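1. return atomic coordinates for the entry below.
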Amino acid sequence: MWTLRLLTLSLLTVTAAPLIHTDWWPIRLWDFPRLQILATASFLTIYTLALTWHCRLKQGSLALLGILLAIIVWQATYIIPYTSAWPHAIPTATSSDVSILVCNLDKRNTQHDAVAQMLRDSQSDILILVELDQAWADALSDVRANFPHRSEIVLEDGLGLALWSKHPLDNPQIRHIVSDKRPSIFATLTINNHDVRLVAIHPTPPALRVPHEDERYDSGIRDAELILLAKEVKDNPQANWIVAGDFNDVAWSRTTALFSSISGLLDPRVGRGLINTYHAQYPLMRYPLDHVFVSEHFAVRSFDRIETPGSDHFAVRVELALVPHASQKNQPDEDDAEEAAEIIEEGVEEAAEHDENVSDPPEADPNT
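-> Numbers count the residues shown, from 1 in each chain. Purely as a prediction, here's the structure:
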């Protein structure tokens with residue numbers, strides 16, 4: 001019973017930890033393993049029931065069961081929207097106008113030929129490639145030739161990013177939203193005579209070791225980048241938007257939820273499945289980190305996970321149909337606006353601490 005009490009207390013602690021509004025990475029990491037916590041609490045519930053029945057234990061067992069059931073219910077509220085028990089956030093289409101593959105290549109991955117073949121086999125219209133370094137750029141040169149419209153930045157240390165397209169790209173831009181070390185790619189493409197704003201991102205993950213420093217990143221830079229991007233989408237509500245990449249954040253976190261609330265963009269996972277993409281080598285420790293968010297002008301024909309040989313991420317592939325219509329997006333409430341301003345301020349401060357500020361850091365104005 002003492003072991004059960006300690007385990008239950010531990011689960012209760014890590015369940016409550018994400019409720020603390022902080023960007024400190026030891027807290028923010030507990031946003032990730034909600035499914036694993038739920039599974040552990042379910043196992044302990046069954047074990048406690050069996051032990052109580054077998055040993056005729058009553059003292060304290062009901063309290064333990066109550067806490068464990070509360071943990072299960074709480075964690076399930078985050079998971080259920082990403083199951084077939086929940087209505088689709090985005091309608092299903094019978095045909096598609098564009099297919100997009102988001103693939104984290106993994107800077108340590110040496111299976112270049114196998115990945116190149118996977119990218120060819122996917123027959124995607126658009127590739128978003130994360131962690132594109134010079135070795136990967138050289139290895140994928142033949143694949144690159146099949147995509148005549150490109151915007152890319154080749155960087156070492158997992159910071160490179162590429163957007164390769166079979167559709168023409170208008171005014172592609174490589175921008176640094178918060179950190180001067182983390183590029184994003186903005187472009188406009190034309191699908192069925194309609195302009196589509198496409199953004200590829202790869203924000204800083206929490207707990208990543210800071211180069212040349214004996215510390216790790218908190219979530220501030222990542223969170224600020226997502227919220228600033230959400231505000232930009234919000235300021236152009238009539239545009240057809242696609243935001244895709246390795247968010248380094250789970251679908252159900254407060255930051256990603258706030259990103260969706262402010263931007264009005266929708267997650268194809270809702271009602272379709274978790275589609276966990278990281279870590280590819282550890283089946284019991286997987287989370288949905290690679291995302292494609294779209295505006296209400298799209299329907300989804302398919303949303304799938306594809307194995308990327310040698311990478312620590314699965315790729316995700318989505319087929320989208322453009323269904324333009326006048327759309328009135330929900331406006332964030334006052335509390336969301338204030339929280340967004342706090343997140344931006346914290347992210348800019350964290351970037352400054354690590355000498356990663358962009359030349360013109362964004363202002364955290366809760367009124368915009």
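2. low-confidence ranges in the stretch 51-200 of the chain?
-> 55-60 (pLDDT under 70).
3. so where do the strands sit in it?
-> Under the criterion DSSP state E, counting those that start in this stretch, strands of the stretch 51-200 of the chain are mapped to 98-104, 126-130, 149-153, 161-165, 169-176, 183-191, 194-201.
4. among these, which is nearest residue 290?
-> strand 98-104 (5.2 Å; C-beta to C-beta). (Each C-beta comes from the backbone N, C-alpha and C, glycine too.)
5. so what's the gap between that closest one and the chain middle?
-> 14 Å (C-alpha atoms, centre = their mean, to the nearest Å).
6. partner strands of that strand, with direction?
-> With DSSP bridges as the test, strand 98-104 is paired with strand 126-130 (parallel), strand 315-322 (antiparallel).
7. include distance to residue 341 when you put those strands into a markdown table, please.
-> Shown next, in a markdown table, are these (distance: least, C-beta to C-beta, whole Å):
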| stretch | distance to residue 341 |
| --- | --- |
| strand 126-130 | 29 |
| strand 315-322 | 31 |
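8. out of these, which comes closest to residue 288?
-> So among these, strand 315-322 is nearest, using C-beta to C-beta, at 8.8 Å.
9. could you point out which element follows that closest one?
-> Sequence-wise, the next helix or strand downstream of strand 315-322 (DSSP states H and E) is helix 334-353.
10. helices or strands next to that following helix in the packing?
-> helix 220-234, helix 254-263 (3 or more C-beta pairs under 8 Å, 6 or more residues apart in numbering; DSSP states H and E).
11. quick one: closest of those helices to residue 127.
-> Of all the helices and strands packed on helix 334-353, helix 220-234 sits nearest to residue 127, with 20.3 Å by C-beta to C-beta.
12. among the helices and strands packed on helix 334-353, which is the most enclosed?
-> helix 220-234 (a mean of 25; mean count of other C-beta atoms under 10 Å).
13. partners of the helix or strand just after that one in the sheet?
-> Sequence-wise, the next helix or strand downstream of helix 220-234 (DSSP H and E) is strand 240-246. Each strand that pairs with strand 240-246, with its direction, by DSSP bridges: strand 194-201 (parallel), strand 290-294 (antiparallel).
14. same question for strand 240-246, mean pLDDT?
-> On average, the pLDDT along strand 240-246 is 97.
15. can you give the contact residues for that strand?
-> 100, 102, 104, 128, 130, 161, 184, 191, 194-202, 229, 233, 263, 265, 289-295, 297-298, 313, 320, 322, 324 (C-beta atoms under 8 Å, 6 or more residues apart in numbering).
16. buried ones from those residues, can you make that a PyMOL selection?
-> Here is the PyMOL command that picks out the buried ones among these, judged by 16 or more other C-beta atoms under 10 Å:
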select buried, resi 100+102+104+128+130+161+184+191+196+197+198+199+200+201+202+229+233+263+265+289+290+291+292+293+294+295+297+298+313+320+322+324
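17. circling back: now distance to residue 4 too, for the strands of the stretch 51-200 of the chain, in TSV please.
-> TSV is the format used below for the strands of the stretch 51-200 of the chain (distance: least, C-beta to C-beta, whole Å):
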stretch	distance to residue 4
strand 98-104	39
strand 126-130	42
strand 149-153	52
strand 161-165	47
strand 169-176	50
strand 183-191	47
strand 194-201	43
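18. quick one: which of the ones you listed is nearest residue 88?
-> strand 98-104 (18.3 Å).
19. go ahead and name everything in contact with that closest one.
-> 115, 119, 122-131, 167, 191, 196, 242, 244-246, 277-278, 290-292, 306, 308, 311-313, 315-320, 322.
20. circling back to that earlier point, to residue 36, which of the helices and strands packed on helix 334-353 lies closest?
-> With C-beta to C-beta as the yardstick, what comes closest out of those is helix 254-263 (18.1 Å).
21. what is the closest one packed up against?
-> Partner elements for helix 254-263 (3+ C-beta pairs under 8 Å, 6+ apart): helix 220-234, strand 290-294, helix 334-353.
22. averaged pLDDT, the shortest one. What do you get?
-> Confidence over strand 290-294 (mean pLDDT, whole number) is 98.
23. residue 4: what's it in contact with?
-> Counting by C-beta under 8 Å, 6+ apart, residue 4 has contacts 44, 47, 48, 51, 64.
24. tell me the pLDDT at it?
-> For residue 4, pLDDT reads 89.
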